[in-house]
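Participant: Quick one: sequence plus predicted model below, questions after.
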Amino acid sequence: LRLPNGQIAHSEFTELEKPQEEVRMARNVKVVLNGVQCLAEVHYFTQLINGPQLFCFKNVAIVTLYSFPDPILLRESSRTFVSCTKMGEESLSVIDITTIKSVVAMIPH
């Protein structure tokens, strides 16, 4: 998915098909949900039927959310280091792709 800022967001599905040395880890994204910035991992991009008309689709992403950043670490690093954890299947969500604002790096630790 090419974002308005020029970045390309991938899904876990497409990245798992590639050899390890070709994986870009571009499946972690910043999204805005109900006015709140969140981080999420994209599993799939798909389309849903939107309304009673035939061939009227809505582009969506199936994602799992990350927790909100550790507030102490965020403050101590002057908002330059964000540490989050995957929230798992209970955070599985379907989001409109227009809520995806950028690709972010999530380094495992």
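Facilitator: Ah, there it is.
Participant: Pull the number of nearby residues for R79.
Facilitator: R79: 10 surrounding residues under other C-beta atoms under 10 Å. Using the backbone N, CA and C atoms, a C-beta is placed for each residue, glycine as well.
Participant: Who are the packing partners of the helix or strand of the chain with the lowest mean pLDDT?
Facilitator: Using mean pLDDT, DSSP states H and E, the weakest-scoring helix or strand in the chain turns out to be helix 12-16, at a mean of 79. Contacts defined by 3 or more C-beta pairs under 8 Å, 6 or more residues apart in numbering; DSSP states H and E place helix 12-16 against strand 36-49.
Participant: Only alpha carbons, please: show the strand it packs on as CSV.
Facilitator: Output of strand 36-49 as CSV, limited to C-alpha atoms (Å, rounded to 0.1, in the frame of the first residue of the first chain):
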residue,chain,number,x,y,z
VAL,A,36,-5.7,8.9,18.9
GLN,A,37,-2.4,7.9,17.4
CYS,A,38,-1.7,4.2,17.8
LEU,A,39,0.9,1.7,16.5
ALA,A,40,-0.2,-1.5,14.7
GLU,A,41,1.1,-4.4,12.8
VAL,A,42,-0.6,-5.1,9.5
HIS,A,43,-1.6,-8.7,8.8
TYR,A,44,-3.6,-8.4,5.6
PHE,A,45,-5.0,-5.8,3.3
THR,A,46,-8.4,-6.6,1.8
GLN,A,47,-11.7,-5.2,0.6
LEU,A,48,-15.2,-5.3,2.2
ILE,A,49,-18.4,-4.8,0.4
